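Asker: here is a sequence with its predicted model. Questions after.
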Amino acid sequence: MRIAVLGAGAWGTAMALAAAARHDVVLWARDPAQAQRMQELRCNDRYLPEAALPEGLQITADHVVALAHARDGLIVIGTPMSGLRGELAALPAGARALWLCKGFEKDTGALGHEIAREIAPQARVGVLSGPSFALEVARGQPTALVAASTDAPLSACAVEAFHGDALRVYTSNDPVGVEVGGAVKNVMAIATGIADGLGLGQNARAALVTRGLAEMTRLGLALGARAETFMGLSGLGDLVLTATGDLSRNRRVGLMLAEGRSLGAALAALGHVAEGVYTAPTLQRRARELAVDMPITDAVVAVLAGALTPAQALRQLMARESRPES
């Protein structure tokens, strides 16, 4: 298969590596200088320095060339959420595309499938998501993902592109649920990082993960997702990984906030994008529009905005009245 991966960050690079083992892959980098450096060094020293790029993996800064390469194959959009709209608008007629980004569009609050419905309603598109750190995929460590689309042949195409010895790809026809899971888990990971940073213990961590899953499910159902999706890879699976894994950038932000660092200092120390920071206020806005109760999300937003300290946010959550578990 001819595959184009658009976006040479850590995740785009890792997925390009996974596909290049069996397919003809082009990796597009927005920055020509980065593309040139990757060509020369045969690694992405900026985002994924540990992983060598095989000679068969082509790298280009020419967007037109990348799109043309996969005209009859598969386009994989590996940009941040802020770049998804532009990439969908540029898709050639009849193209098949999957996006890897997780979260809500900052200005509109839209999820990927909502952007696609607006920009390219006839396009054959879907989302590839699940519990995965780019570094482990690049190393060939066992990973499972889910390809979600209402276009069943597109999901099968994702399986053909990526399913192999170390990477399993399951399919789903619930892109709404898969996208909600991928977005909400980043905010819950910040909350769990704060709790761990405060030394609250493993009981507190388990409670936050469980109640975070409840918030995720409530929002997903309000948006038309299926409840069972949140017990799968992009729901519980991704939540557990991001909330507890040492490679989680969102968890690390929470840990640093608990230490007393400002948000700006935490992000500067991180050096990479932590999607949960930008997702949290948008998630809160959408939940309120749908009258969905999301108290953990509210607490994270307040801490990120400097309206509450981590300790104050904890006291606020613990002071809530008892209610039936749901």
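Answerer: It's in. In this text, all values refer to a predicted model and were calculated from it rather than measured experimentally. Residues are numbered from 1 along each chain as shown.
Asker: what mean pLDDT does stretch 14-26 have?
Answerer: Taken as a whole, stretch 14-26 has an average pLDDT of 97.
Asker: can you check stretch 176-183 too?
Answerer: So the average pLDDT for stretch 176-183 ends up being 98.
Asker: swap in stretch 224-239?
Answerer: 98.
Asker: same thing with stretch 99-119?
Answerer: 95.
Asker: in that stretch, what's buried?
Answerer: 99-105, 109-116, 119 (16 or more other CB atoms under 10 Å). For the C-beta atoms, the positions are set from N, CA and C on the backbone; glycine is no exception.
Asker: for the stretch 1-150 of the chain, what spans make up the strands?
Answerer: Here the stretch 1-150 of the chain has its strands, by DSSP state E, counting those that start in this stretch, at 2-6, 24-28, 43-44, 48-52, 58-60, 74-77, 96-99, 124-129, 143-148.
Asker: mind putting these into a markdown table with distance to residue 158?
Answerer: Output for these, formatted as a markdown table (distance: least, CB to CB, whole Å):
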| stretch | distance to residue 158 |
| --- | --- |
| strand 2-6 | 10 |
| strand 24-28 | 14 |
| strand 43-44 | 23 |
| strand 48-52 | 21 |
| strand 58-60 | 21 |
| strand 74-77 | 7 |
| strand 96-99 | 6 |
| strand 124-129 | 6 |
| strand 143-148 | 4 |
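Asker: picking up where we left off before, of all pairs in the buried residues of stretch 99-119, which one is the farthest apart?
Answerer: 100 and 109 (19.8 Å; CB to CB).
Asker: just give me the longest helix of this protein.
Answerer: helix 175-197 (DSSP state H).
Asker: can you give me the buried ones in that helix?
Answerer: Those would be 175-197, for helix 175-197 by 16+ other CB under 10 Å.
Asker: now do stretch 238-251
Answerer: Applying 16+ other CB under 10 Å to stretch 238-251 flags 238, 239, 240, 241, 242, 243, 244, 245, 248, 249, 250, 251 as buried.
Asker: mind exporting the C-alpha coordinates of that stretch to CSV?
Answerer: What follows is stretch 238-251, C-alpha atoms only, in CSV (Å, rounded to 0.1, in the frame of the first residue of the first chain):
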residue,chain,number,x,y,z
ASP,A,238,-6.1,5.1,27.0
LEU,A,239,-7.3,6.6,30.3
VAL,A,240,-5.3,4.1,32.4
LEU,A,241,-2.2,4.5,30.2
THR,A,242,-2.2,8.3,30.2
ALA,A,243,-3.2,8.7,33.8
THR,A,244,-0.5,6.3,35.2
GLY,A,245,2.3,6.0,32.5
ASP,A,246,5.6,7.8,33.2
LEU,A,247,5.8,8.8,29.5
SER,A,248,2.5,10.7,29.7
ARG,A,249,3.0,14.5,29.2
ASN,A,250,-0.4,15.3,30.7
ARG,A,251,0.4,13.4,33.8
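Asker: can you list contacts of it?
Answerer: Residues outside stretch 238-251 that contact it (CB atoms under 8 Å, 6 or more residues apart in numbering): 129-133, 135-136, 181-182, 184-193, 196, 205, 208-209, 212-213, 216, 270, 272-277.
Asker: distance between stretch 162-182 and the chain's centre?
Answerer: 12 Å (CA atoms, centre = their mean, to the nearest Å).
Asker: thinking again about what came up before, could the buried residues of stretch 238-251 be laid out in a markdown table, adding secondary structure?
Answerer: A markdown table is the format used below for the buried residues of stretch 238-251 (DSSP: H, G, I helix; E, B strand; the rest coil):
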| residue | secondary structure |
| --- | --- |
| 238 | helix |
| 239 | helix |
| 240 | helix |
| 241 | helix |
| 242 | helix |
| 243 | helix |
| 244 | helix |
| 245 | coil |
| 248 | coil |
| 249 | helix |
| 250 | helix |
| 251 | helix |
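Asker: just the element for residue 312, please.
Answerer: helix 310-318 (DSSP states H and E).
Asker: mind giving me the packing neighbours of that helix?
Answerer: When contacts are defined as 3 or more CB pairs under 8 Å, 6 or more residues apart in numbering; DSSP states H and E, helix 310-318 packs onto helix 175-197, helix 295-304.
Asker: go through the ones you listed and name the closest to residue 1.
Answerer: helix 175-197 (21.4 Å).
Asker: show residues contacting stretch 277-292.
Answerer: By CB under 8 Å, 6+ apart, stretch 277-292 touches 103-106, 109, 183-184, 186-187, 190, 215, 218-219, 222-223, 250, 253, 263, 267, 293-294, 297-298, 300-301, 304-305.
Asker: right, I'll call it a day here.
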